[in-house]
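>>> coords please:
(one chain, ligands or ions: 2)
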Amino acid sequence: MTSLDVREVGHSFGGLNVLTNVSFDVPAGKIVGLIGPNGSGKSTLFNIINGFLVPRAGKVLLDGTDLSAMSVEARSRAGLVRTFQTPKVFEHMTVIENLMAGAYKLTRSGVLSDMFRLPGARRDVAMMRDQAHELCRRFGLERLHATAAGLLTSGQRRMLELARTYAGKPRLLLLDEPSSGLTAEEVSQLGEWLKTLNNEGMTLLLVSHDMQLMNVASMVHVLYFGEIIATGNMDDIQRNPKVREVYLGA
Ligand code: ADP
Ligand code: MG
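Ligands and ions are numbered 1, 2, ... in the order given. Here you go, the predicted model:
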């Protein structure tokens with residue numbers, strides 16, 4: 001199982017300080033939560049963790065290895081994968097095709113142009129199609145397998161994104177506001193899914209406004225204008241006077 005360490009990370013855009021001395025860890029096999037009002041720096045931190053942004057200060061370690069010199073792709077190959085606030089799906093492709101695209105990087109044969117030429121590649125395609133159908137079943141998308149992703153509801157898109165991400169076998173998954181646009185029932189379904197992924201050995205870092213969903217996290221950090229102001233389980237967090245004052249508006 002894989003762990004993540006965020007050490008003394010700082011960042012600014014122009015003159016605007018967005019993250020100041022942010023340190024926390026995501027222990028192997030745990031679900032850790034990150035909450036905080038809009039603009040507190042959560043997505044910026046995710047961009048730093050997955051390598052979109054180079055932090056002004058500090059570093060991020062995966063299983064103790066400094067990721068500073070690693071590209072987004074190299075981090076992803078190492079098992080560090082993120083989802084986005086708005087699910088990234090290929091709108092004009094069907095659900096099955098989206099899932100096959102997610103699985104492709106796991107196959108042995110090379111670039112897409114090889115796909116239909118070599119016997120080994122043809123076997124890979126058949127295997128990918130079977131895997132994609134299995135993913136559809138697991139993520140409740142069977143009836144939609146031939147539907148264009150652009151026609152799905154937000155909840156269905158989110159499940160597709162999660163299924164496609166799952167196909168890439170991440171070891172540490174960063175989820176940015178996965179409950180946005182979901183109904184209450186879909187949120188509780190998502191929570192069950194996150195617990196299942198975690199039980200299979202995936203380590204999760206979850207950003208969400210949804211307090212119900214946040215209950216899947218064993219440890220939660222509160223980010224407020226770029227600084228961690230509280231850490232604990234959801235009960236601790238909800239009782240913390242500082243958090244109530246600045247975040248819950250009490
Ligand atoms: P959150 O995800 O917690 O809502 P963000 O990380 O998106 O917060 O944003 C933190 C702050 O950084 C905000 O004030 C936002 O306006 C600013 N910000 C984010 N991205 C950029 C950028 N690329 N350029 C300039 N400012 C940015
Ligand atoms: Mg954000």
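
>>> for the spatially closest residue to residue 189 that is not a sequence neighbour, helix, strand, or coil?
In space, and not counting its chain neighbours, residue 189 is closest to residue 140: 7.7 Å by C-beta to C-beta, 6 or more residues apart in numbering. Bear in mind the C-beta positions are built from the backbone N, C-alpha and C, glycine included. Put simply, residue 140 is coil when judged by DSSP: H, G, I helix; E, B strand; the rest coil.

>>> Does residue 140 touch residue 158 like I think?
No - counting by C-beta atoms under 8 Å, residue 140 sits too far from residue 158 to count as a contact (11.2 Å).

>>> Quick one: classify whichever residue of the chain sits closest to ligand 2 as helix, strand or coil.
Going by C-beta to the ion, ligand 2 is nearest to residue 43 of the chain, at 3.2 Å. Of the three states, residue 43 takes helix under three-state DSSP.

>>> Show me what whichever strand or helix holds residue 22 is packed against.
Element membership for residue 22 (DSSP states H and E) is strand 16-26. For strand 16-26, the packing partners by 3 or more C-beta pairs under 8 Å, 6 or more residues apart in numbering; DSSP states H and E come out as strand 4-13, strand 31-35, helix 42-50, strand 57-62, strand 203-207, strand 227-232.

>>> again, only using 10 Å
Packing contacts for strand 16-26, counted by 3 or more C-beta pairs under 10 Å, 6 or more residues apart in numbering; DSSP states H and E, involve strand 4-13, strand 31-35, helix 42-50, strand 57-62, strand 203-207, strand 219-224, strand 227-232.

>>> among those, which is nearest residue 71?
When those are compared by C-beta to C-beta, helix 42-50 sits nearest residue 71, at 10.2 Å.

>>> Output that closest one as PDB, nothing but the C-alphas.
Output of helix 42-50 as PDB, limited to C-alpha atoms (Å, rounded to 0.1, in the frame of the first residue of the first chain):
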ATOM      1  CA  LYS A  42      -7.400  22.800  -2.200                       C
ATOM      2  CA  SER A  43      -7.200  22.400  -6.000                       C
ATOM      3  CA  THR A  44      -3.800  24.200  -6.100                       C
ATOM      4  CA  LEU A  45      -2.500  21.600  -3.600                       C
ATOM      5  CA  PHE A  46      -3.800  18.800  -5.800                       C
ATOM      6  CA  ASN A  47      -2.100  20.400  -8.800                       C
ATOM      7  CA  ILE A  48       1.200  20.400  -6.900                       C
ATOM      8  CA  ILE A  49       0.700  16.800  -5.700                       C
ATOM      9  CA  ASN A  50       0.100  15.500  -9.200                       C
END
